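need the 3D shape of this:
(chains A, B and C)
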Amino acid sequence: MNLLLKEVRRNPMLWLLAFVPMTFLAAKFKPEAHTLLFVLSVLAIVPLAVLLSHATESVAAKTGDAAGGLLNATLGNLTELVIALTALRAGQYMLVKASIAGAIVTNTLFMLGASFLLGGLKHHMQEYNRVNARMQAGLLFLSAVALLVPSTITAADSVAGTAFAQKLSMGLAVLLIIAYGLGMLFSLKTHRELFVSAEHTEHGEAPWPMGLALATLAGVTVLVALVSEIFVESVQKAAETFGMTPAFVGFIIVALVGAAAEMAAAFSGARKDRLDLSVGIALGSASQIALFVAPMLVLLSYMIGPTPMDLQLWPGAVAMILIATLTAALVTNSGRSAWFVGVLVLMVYLVFAMTLYLLPPRVQ
Amino acid sequence: MNLLLKEVRRNPMLWLLAFVPMTFLAAKFKPEAHTLLFVLSVLAIVPLAVLLSHATESVAAKTGDAAGGLLNATLGNLTELVIALTALRAGQYMLVKASIAGAIVTNTLFMLGASFLLGGLKHHMQEYNRVNARMQAGLLFLSAVALLVPSTITAADSVAGTAFAQKLSMGLAVLLIIAYGLGMLFSLKTHRELFVSAEHTEHGEAPWPMGLALATLAGVTVLVALVSEIFVESVQKAAETFGMTPAFVGFIIVALVGAAAEMAAAFSGARKDRLDLSVGIALGSASQIALFVAPMLVLLSYMIGPTPMDLQLWPGAVAMILIATLTAALVTNSGRSAWFVGVLVLMVYLVFAMTLYLLPPRVQ
Amino acid sequence: MNLLLKEVRRNPMLWLLAFVPMTFLAAKFKPEAHTLLFVLSVLAIVPLAVLLSHATESVAAKTGDAAGGLLNATLGNLTELVIALTALRAGQYMLVKASIAGAIVTNTLFMLGASFLLGGLKHHMQEYNRVNARMQAGLLFLSAVALLVPSTITAADSVAGTAFAQKLSMGLAVLLIIAYGLGMLFSLKTHRELFVSAEHTEHGEAPWPMGLALATLAGVTVLVALVSEIFVESVQKAAETFGMTPAFVGFIIVALVGAAAEMAAAFSGARKDRLDLSVGIALGSASQIALFVAPMLVLLSYMIGPTPMDLQLWPGAVAMILIATLTAALVTNSGRSAWFVGVLVLMVYLVFAMTLYLLPPRVQ
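Numbers count the residues shown, from 1 in each chain, chains lettered A, B, ... in the order given. Modelled structure (predicted):
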């Protein structure tokens, strides 16, 4: 607790933690103030994400960059999973699907692009392990393709049978989860040396003891879950106030908030010239959304949703995911980065965001 | 003949050769038993493919991996060409087109993925010549794109004029065959050093003498042609019995059976840690389907088909071919492979197969 | 002037300069002879392009390959910008859009493919700096994607609101020009070492003095502008005479003529085994069309066009640009080239051209 307080004193952003109780109080006493609740819950998730990131870095410090990256990705995706589950229970399937697609695109383009930009502003030219990056980009592309194939083929052939989509999504979900399990076996057991970075740079801050780190991880995850619930309840109505379409909210806002924890870790890695860590977090996290979060939501929709959810994404989302994963593959191909690469990757993300913002709501 | 018998005794799969005469007998006396004929002809093609592969390896042993790969690809595609010609004569254009698209995808994803998986289960990490692999993946991508451009553009712009499609397909066929001829000149004459692997590993079995190998090649090819005819006649009706759609039959079944010979060679190469051979067979064979088999079928359709055939593929097939060739390019980019890469490539293939299996028949 | 005359005597193609005054005379006295004016203006632009290229090479000789490449690309794109502006003023928006898309595709596929082929016919295997080529191909891909995202997403979702397209195009144009400005900062200031080639091969001809080179650049650019005007006025009617569709004219003819200057430089680089120069010109020029010429035309359409122009391209153009940029990325990936690579890249371009030529006019 003492260490935690010292952390708060050192990192001014943690003062935002005050928004966590404020969010709960506002939700209790002003349940109709959607815009207020939306703003409060976003402000509350950010410091929780930072705390999560510090705790994760403490654990990661004893394991290695890529294992730490895996840990980061899993816990960051826990946030996304919790948000999506809340939306699923409320039957908001469009929001769930938009947040799945958005999480893949945001992790790939925004997190990667901003890491390159932030790292590039500090370091003239950054080198990273290009063989690992290529393998991870390849895995991400394959994961995304496996997720998208049914949407692509049925869209291309203009099929739209609900029973067909349902059966296909179910089969796909099972296949993806098997692939995810095999991927764990691969990265944690048979080929773990691929995912351990050779050199560990020194951190300015001393890592927390393991016990405190794990306790913080658990406690903060619960808080994220509770705040997420308020966030999901308020986000739709608040978005209308700001003139945002549902696709924009799910794709951009939910995805950015859900990935806040991972972003903190990826950006800090980039500033410390450990781009391997940043690339690992960004691409690994996006892969896990495709291989684990998306199929889990389909399977869980049979249990907790009003009706089963399928995995058919709308054509624009398919195009954006394919473009994002191809971009990641091409951009990480050289194993070198400079600030302008980050600018261009962010530009593609901005163009996506602008298009979704301007898109008339009826087509989503 | 003596050597051949010794081969049969050593390789238990060659006992399946007994199905060759059984297929002919069944076709003569039970021409209506479609399901039986389908099963018998598949079982008969497999050992013929294995024999073909052994004979090819014997010839390849005296030339070099890549020239052997080329030989394998040509002869394997002979099987596919014979099957497609039979279907063409019967006017089953949907089956022909599905088998062209399926052959490219199966060679690229299934053969490559299974080679990576089988090789990776035996060897921890496999390295191969990544410059050659990249050039071959680039050639495959360009071949596929050239084949697909008309389908893509006319689909994107929703044009569907028969006269237009016919003229375009004819011009395209001529261009593709010119490219194929120049490709032969390139790989066999001006740049043959690119396609000869540096090191030749020892085979356990002694290679057959050249005469026997060539005689086996010729004789077995004729047998494959005869069995293929029975296969094509029975496949459609038998497929209905198993609840398969025509697209699934052409794309998956015909393609898998047609490529059996090459697969045997590619998988054996992967197990012997000669992934250069496997990659060369898989990508080279897929390129040859696009540059040679497909345009040949268009030109031959003017002579032997009931009406001329065009090269317009349905949009789902275009999407699958583009995804498959991009996957090959991204996956062979690093020049390294481990078992999980194979799993993910196979996963994409499985998702394709599942989608085609579940797709309602009317849309194909 | 003396040096200029010596140049004309040495390079027989410069005798074509005689067509420049002939074009002006014909335009004055035979303004209705569209086919004649079309042929004359094409013949007049070619030698102007060659002069421009010589002058540019003289300046480039004192700077370095990539800075020279940048100079070439900017001046070559000036030609394209001038042609497009003339078409814009005449309200021929289809021609403008087709020439933007065509310029990207022609620079990427035709210029790159022909450079590989011409270089490969003289040199057995050409190596070039693959890290720079990869970064440039990545930048081109990102630029093209940023340009295409709105067209892709709205096409995929079948939206077609004029107000929406207008707002989106305006926002996109501003973003692209910001990216272009940052790109200049990157290549000319913070990371200029990336764009300077290490070794300078000797030219046969002595470079012109700086003053003459700059004066020639300025004067010839004005001549190109004047001839372009006659070209644009005559091209549509002349095309009909030759049975060409408007899409074909804009995409292929205007793009080829507009890029003549850069092609001369790129091909001469390839013959001299300086493929770095060729790749830099081809990819850099295509990027600049996407990031600078296209958005400039949108912004200028508010001032000089009859109505504002949007950036929505038709789906076939989107497909061709994506295929072209992906091809460039895959093909430059290995940093090696041989003649057959050029043949296949040109083949894809030929298939594009053939499809556009045969495409019935109503769909464009």
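
hey, let's count contacts and neighbours off CA atoms from now on
Fine.

for stretch A:111-126, buried residues please.
Using 16 or more other CA atoms under 10 Å in any protein chain shown as the test for burial, stretch A:111-126 gives A:111-121, A:123, A:126.

err, stretch A:176-196, not the other one
Neighbour count says stretch A:176-196 has A:176-177, A:179-180, A:182-184, A:186-188, A:191, A:195-196 buried, by 16+ other CA under 10 Å.

any chance of these in JSON lines, plus pLDDT and secondary structure?
Formatted as JSON lines, the buried residues of stretch A:176-196 follow (pLDDT from 0 to 100; DSSP: H, G, I helix; E, B strand; the rest coil):
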{"residue": "A:Leu176", "pLDDT": "89", "secondary structure": "helix"}
{"residue": "A:Ile177", "pLDDT": "88", "secondary structure": "helix"}
{"residue": "A:Ala179", "pLDDT": "87", "secondary structure": "helix"}
{"residue": "A:Tyr180", "pLDDT": "85", "secondary structure": "helix"}
{"residue": "A:Leu182", "pLDDT": "87", "secondary structure": "helix"}
{"residue": "A:Gly183", "pLDDT": "81", "secondary structure": "helix"}
{"residue": "A:Met184", "pLDDT": "77", "secondary structure": "helix"}
{"residue": "A:Phe186", "pLDDT": "83", "secondary structure": "helix"}
{"residue": "A:Ser187", "pLDDT": "76", "secondary structure": "helix"}
{"residue": "A:Leu188", "pLDDT": "71", "secondary structure": "helix"}
{"residue": "A:His191", "pLDDT": "79", "secondary structure": "coil"}
{"residue": "A:Phe195", "pLDDT": "63", "secondary structure": "helix"}
{"residue": "A:Val196", "pLDDT": "53", "secondary structure": "coil"}
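
identify the farthest-apart pair in the residues you listed.
Greatest spacing in the buried residues of stretch A:176-196, by CA to CA: A:Leu176 and A:Val196 (24.7 Å).

now the end-to-end length of stretch A:328-343.
14 Å (CA to CA, to the nearest Å).

what about it and chain C, touching?
Yes: shown here: stretch A:328-343 in contact with chain C (CA under 8 Å from any CA of the partner chain) through A:Leu330, A:Val331, A:Asn333, A:Ser334, A:Phe340, A:Val341, A:Val343.

what's the neighbour count on A:Thr241?
Residues lying near A:Thr241 (other CA atoms under 10 Å in any protein chain shown) number 11.

same thing with the one 4 residues further on?
The local packing of A:Thr245 (other CA under 10 Å) involves 20 other residues.

measure it to A:Ile252 for me?
A:Thr245 is 11 Å from A:Ile252, by CA to CA.

again with A:Ala179
Distance from A:Ala179 to A:Ile252, by CA to CA: 27 Å.

helix/strand/coil for whichever residue of chain A sits closest to chain B?
In chain A, the residue that lies nearest chain B is A:Ile153 (4.6 Å; CA to the nearest CA). Under DSSP: H, G, I helix; E, B strand; the rest coil, A:Ile153 falls in the helix class.

I'd guessed it sits against B:Trp314; true?
No: judged on CA atoms under 8 Å, A:Ile153 makes no contact with B:Trp314 at a distance of 9.9 Å.

neighbours of A:Arg10, how many?
The tally of other residues near A:Arg10 (other CA under 10 Å) stands at 11.

typo on my end, it should be A:Trp15
When neighbours are counted by other CA under 10 Å, A:Trp15 comes out with 12.

just the one 4 residues further on next, same as before
A:Phe19 has 21 neighbouring residues, counting by other CA under 10 Å.

can you check A:Ala286 too?
Count around A:Ala286 with other CA under 10 Å applied: 30.

so it makes contact with A:Leu139?
No: counting by CA under 8 Å, A:Ala286 sits too far from A:Leu139 to count as a contact (10.1 Å).

re earlier: what's the most distant pair in the buried residues of stretch A:111-126?
It's A:Met111 and A:His123 that sit farthest apart of those, by CA to CA, at 17.6 Å.

from C:Phe164, how far out is A:Val42?
When A:Val42 is compared with C:Phe164 (using CA to CA), they lie 30 Å apart.
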